[in-house]
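Engineer: Predicted model, plus sequence, below.
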Amino acid sequence: MTQEELTTPNLPNWCPGCGNFGIWTGFKNAAIKSGWDNTNTVFVAGIGCHGHMVNFVKLNSFEGLHGRPIPVATGIKMSNHNLNVFVFTGDGDCLGEGGNHFIHAARRNHNITVLLHNNNIYGLTTGQTSPTSRKGLKSKSTPDGNPDEPFKVLNLAIAAGATFVARVYSNDIAGLSEMIIKANEHKGFSVIEILQPCITFNKECPPAFFTDNTYHLPSDYDQTNILSALEKTLEWGEKKIPVGLFYKVEKPTAESEFPQIATKPLVSNPVQKRDIGELLQTLC
Amino acid sequence: MSNKVYSIKIGGQAGQGIKSAGLIFSKIAARSGYNIKNYIEYPSLIRGGHNVMQTVFSLDEVYSPIKTVDFLIALNQETINLHKDELVKGAGILYESEDNIDTSSCADRCRLFPIPLKKLTSEVGALPIAANNVALGATVALIGADKKHLFDLIAEDLSVKDTEVVKINQAAAKAGYDYAEANFTNKFDSILSSQSNPVKKMVMNGTDGVGFGAIAAGIQYAAIYPMSPTSNILSILAANQRKYGYIFKQAEDEIAAINMTIGAAFAGARAMTLTSGGGFCLMTEGYGLAGQTETPLVIVEGMRTGPGTSMPTWSEQGDMRMVLHSHQGEFPRIVLAAGDAKEAFTLTMKAFNLAEKYQTPVVLLVDKNVLDDEQTVSELDYSGYQINRGKVVTEKDSGYKRYEVTEDGISPRSFPGTGNYIIANSDEHNSTGYSSESISDRNEQMQKRLKKLVTCAKEDMEKPTLFGQENADITIVSWGSCKGSILEALKDNPRVNYLHLSWISPFPSEAVIEELQKAKYLLDIENNSTAQMAGLIREKTGINIKDKFIKNDGRPFFPEEIKEKINSILNK
């Protein structure tokens, strides 16, 4: 695939300066570098600003319902595990409406990659508090300040059973491409939390907030230790927002648990009428 | 002159093996050359609470449970207390002799067979639950059945793999048989004597029909969250997936189940999910998603009572309007309803072809009573069934458009991996699949989707079935599990016929109008409180069926009730 081949007739309709532009570019660059095309790749999007992605990347895609991209993606992967399967989702989509699917897909370790656009706010509905908004945040739905604690996304992902857990800033396009490729190569449930500014509705976190406060996990950081990884995911503050790969472990994937697809994908078998004489015999 | 219909009931606490004993008994009857219909009642409990299973049998066809009981196996006092009024004069009662069971309420009109069930069970070294086998053995002796069938069936029980346990269970049955032979010189009547060269028959319920039908139809994928009364279909699909090469996955909830199934269908798998009314409520979101994205999807909806949790293990026909109207907006939905086990089988197979041909959700409604209650089926011919996956593009086509506008409303599908560029979009979209809110795209795509139902009505929809003679004095209209009770009530009654509806959407309006206009008197029968089918008929045909005979206490109609209703009309 080339940039041209990935391009659709539609121009992105995100606000100028939106973090989605970085994610869009980072994903397309990763696709070009890795040879993801319509013979081998599908992505599923939820509903939110991120969901419009289906109109801007010329790859097989499914735009489903708010909160539900993960189950659609796991259904696709179980049916054709030769496909690279990506999920684009947001903090509201993935952790509000779709929280149950997120933790259970992580628990089962489906071999898919979740790109979690996290702008700590509901953008498409014009600025309400999200499950990752900080306590105290004033928004349209919390004019007196958000009374609730936010999810610590990566902590939740690791605790639920995700086997590849990373964080990247949306405008670090090269770093994002590299992480998406690594996540896809990982056999298991990969979560990349992508920190992104919502320049329209989250004035607290402009691009400068992320460039000023993020730092890369040091080269001697141990990505295999679940306890230190869990601890690291709790770190958040001025100059103290770690980015990079927090945790990675090899475990059997959900798809590998089906012996019936051990040699080839489910859909590579033609649909055929089956003789059920043996089953009917049990009724006599 | 028709053959007599007998009824035997076994009752006890949940956990006493009532259902397994009833199933074995009904298979003894089937192997002896009889037709059977089972009816089970149980509470939503695992232990305790009253369970009862009735087997109705006859050398003629039998279609439904009846109100009376000829032989009662009472594993506890409660069984006698609850069912004494159903006993016919001269009925047999087999009960535990060492539990001080009080039979005074019915002793004067019944024949009593007290048996030390627990004692005989422990004497052969069996677990207490095997008392049901002792009771079966004694029953077989008392009603003149062939004990070989009982011993064979105990040995064939697939859930018991240990040969020692099989032997002990057989010994328990033999102990019961021998005790009855030795202690009751005046036995009960030989109502189940083995017929010579009986035709081989299956004892099958709607659960078997849906599960086996799905496997026969080439199912590749099912994601399901358990819910009564469809959990036993889930069990069939789970147990057979490796052998037949499809995938079953238990989802975290019904929302995930339907979305996973939609993902699988989008990827090219022949896919289904199933649930009950409460689970369907959660699925309604995905239901419309399948409609909007034009993803094939089979949903089996096992109807139990509602609303809320209501009575989880009892039957109702209350969900028809829900599946016809749930989800925002409008999309084509194909809705079918099964009236018995055989229909559950054939309609499940059909549903897969319809879903793939029309690329839209197909709901098969099955009453709890159809799912749970077995009946004899002598033939299940699916040799004429052919897989139809509809329009599918498997080769690369650079001009491929997922939502291409066509005359019949059906755009060719293609699957990820073919190289074709495929977008499934829940946003309104243009013919490629890109989100669009333009007037022309909206009108074009809405019309295209809804056109599919028009095509389906033309090419696939079936007429309702008329049972009985033309020109009857009364025409009954109904659907679902009421079929059995109505057919039972209509035996030997040429003055009444029955129009059975199994296509609900699209609705066969012309055929229904034709039949109903011929009728002299119309009677609607339904297991719900608002006569949903009568309402639908009025909506689709303008015909107002004034006489509605409805029941919504969770129990089926009994043929006696229908006969009484018929007589009250005929005697007016």
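Structural biologist: Sure thing, it's come through.

Engineer: Could you find the closest non-adjacent residue to whichever residue of the stretch 151-300 of chain B sits closest to chain A?
Structural biologist: Shortest the stretch 151-300 of chain B-to-chain A distance, computed as CB to the nearest CB: residue-wise this is residue B:263, at 2.5 Å. Heads up, the C-betas are built off the backbone N, CA and C, glycines and all. Distances taken as CB to CB, 6 or more residues apart in numbering or on different chains place residue A:75 nearest to residue B:263, at 2.5 Å, with adjacent residues excluded.

Engineer: wait, that neighbour sits on residue B:262?
Structural biologist: Yes - between residue A:75 and residue B:262 there is a contact under CB atoms under 8 Å: 6.5 Å.

Engineer: how about residue 246, phi and psi?
Structural biologist: If you meant another chain, say so; for now it's chain A. phi -80, psi -40 (degrees, to the nearest 10).

Engineer: Chain B, not that one
Structural biologist: phi -100, psi 170.

Engineer: ranges for the strands of chain A?
Structural biologist: Taking DSSP state E, the strands of chain A run over residues A:41-45, A:60-63, A:84-90, A:113-118, A:121-122, A:128-129, A:164-169, A:190-195, A:214-216, A:241-248.

Engineer: and the residue located most distally from the centre of chain B, which of the three is it?
Structural biologist: Residue farthest from the centre of chain B, counting by CA atoms, centre = their mean, is residue B:398 at 46.2 Å. Following DSSP: H, G, I helix; E, B strand; the rest coil, the label given to residue B:398 is coil.

Engineer: Flag every buried residue along stretch A:3-20.
Structural biologist: A:6, A:8, A:10, A:12, A:14, A:15, A:18, A:19, A:20 (16 or more other CB atoms under 10 Å in any protein chain shown).

Engineer: nope, stretch A:95-108 is what I meant
Structural biologist: A:95-106, A:108.

Engineer: what helix or strand does residue B:235 sit in?
Structural biologist: helix B:231-244 (DSSP states H and E).

Engineer: Report the buried residues of that helix.
Structural biologist: B:231, B:232, B:233, B:234, B:236, B:237, B:238, B:240, B:241, B:244.

Engineer: Within reach of chain A, which of those are there?
Structural biologist: B:240, B:241, B:244 (CB under 8 Å from any CB of the partner chain).

Engineer: right, and the first one touches residue B:216 too?
Structural biologist: Meaning residue B:240. No - contact criterion CB under 8 Å: residue B:240 and residue B:216 do not qualify, at 11.2 Å.

Engineer: re earlier: just to be sure, the residue of the stretch 151-300 of chain B closest to chain A is in a helix?
Structural biologist: Yes - assigned with three-state DSSP, residue B:263 falls within a helix.

Engineer: Could you report the pLDDT at it?
Structural biologist: For residue B:263, the model assigns a pLDDT of 98.

Engineer: Residue B:288: how many residues sit nearby?
Structural biologist: If you count neighbours by other CB atoms under 10 Å in any protein chain shown, residue B:288 ends up with 20.

Engineer: Do the host helix or strand of it and chain A come into contact?
Structural biologist: When elements are assigned from DSSP H and E, residue B:288 belongs to helix B:277-293. Yes - interface with chain A: helix B:277-293 contributes B:285, B:286, B:289, B:293 (CB under 8 Å from any CB).

Engineer: what's the next secondary structure element after that helix?
Structural biologist: strand B:297-303.

Engineer: Just the buried positions in that following strand, please.
Structural biologist: Of the residues in strand B:297-303, those buried (16+ other CB under 10 Å) are B:297, B:298, B:299, B:300, B:301, B:302, B:303.

Engineer: Report the two of the buried residues of stretch A:3-20 separated the most.
Structural biologist: Maximum pairwise distance among these (CB to CB): 22.2 Å, between A:6 and A:15.

Engineer: re earlier: what's the closest of the buried residues of strand B:297-303 to residue B:353?
Structural biologist: Closest to residue B:353, out of all of the buried residues of strand B:297-303 and judged by CB to CB, is residue B:298, at 9.8 Å.

Engineer: and that closest one, what does it touch?
Structural biologist: B:214, B:271, B:272, B:273, B:348, B:351, B:352, B:355, B:361, B:362, B:364 (CB atoms under 8 Å, 6 or more residues apart in numbering or on different chains).

Engineer: and chain A, which of these reach it?
Structural biologist: Answer for the contacts of residue B:298 near chain A (CB under 8 Å from any CB): residue B:271.

Engineer: Just put the contacts of residue B:298 in TSV and tack on secondary structure and pLDDT.
Structural biologist: Listed next are the contacts of residue B:298 as TSV, based on DSSP: H, G, I helix; E, B strand; the rest coil; pLDDT from 0 to 100:
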residue	secondary structure	pLDDT
B:214	helix	98
B:271	strand	98
B:272	strand	98
B:273	strand	98
B:348	helix	98
B:351	helix	98
B:352	helix	99
B:355	helix	98
B:361	strand	98
B:362	strand	98
B:364	strand	98
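
Engineer: Now residue B:567. Its backbone dihedrals?
Structural biologist: Dihedral angles for residue B:567 - degrees, to the nearest 10 - are phi -60, psi -40.

Engineer: and the gap between it and residue B:334?
Structural biologist: 38 Å (CB to CB, to the nearest Å).

Engineer: So for the two, which residue has more residues nearby?
Structural biologist: Taking other CB under 10 Å, residue B:567 and residue B:334 do not tie; residue B:334 has more neighbours (26 against 11).

Engineer: so the more buried one bridges to which residues?
Structural biologist: residue B:362 (DSSP bridges).

Engineer: Low-confidence bits of chain B, can you list those?
Structural biologist: B:1 (pLDDT under 70).

Engineer: care to break it down by domain?
Structural biologist: Residue ranges for the domains of chain B, per automatic domain parsing: B:6-200, B:204-377, B:392-459, B:465-570.

Engineer: ok so, going back, residues in contact with the residue nearest to residue B:263?
Structural biologist: Going by CB under 8 Å, 6+ apart, the list of residues near residue A:75 reads B:221, B:223, B:259, B:260, B:261, B:262, B:263, B:264, B:265, B:266, B:267, B:271.

Engineer: tell me the pLDDT at the residue of chain A found nearest chain B?
Structural biologist: When distances are taken as CB to the nearest CB, chain A reaches nearest to chain B at residue A:75, 2.5 Å away. Per-residue confidence (pLDDT) for residue A:75: 98.

Engineer: Next: the one 3 residues further on.
Structural biologist: The model reports residue A:78 with a pLDDT of 98.

Engineer: Residue B:417 is in contact with residue A:82, correct?
Structural biologist: Yes - when contacts are counted by CB under 8 Å, residue A:82 is listed as touching residue B:417 (6.8 Å).

Engineer: so what sits against both of those two?
Structural biologist: With contacts taken as CB under 8 Å, 6+ apart, residue A:82 and residue B:417 have residue A:40 as neighbours in common.

Engineer: what's the offset of stretch A:38-45 from the middle of its chain?
Structural biologist: Mean-position distance between stretch A:38-45 and its chain equals 14 Å (CA atoms, centre = their mean, to the nearest Å).

Engineer: got a list of what residue B:226 touches?
Structural biologist: Taking CB under 8 Å, 6+ apart as the test, what residue B:226 contacts is B:234, B:250.

Engineer: now do 7 Å
Structural biologist: residue B:234 (CB atoms under 7 Å, 6 or more residues apart in numbering or on different chains).

Engineer: and it, how far is that from residue B:171?
Structural biologist: 36 Å.

Engineer: Understood, closing this out.
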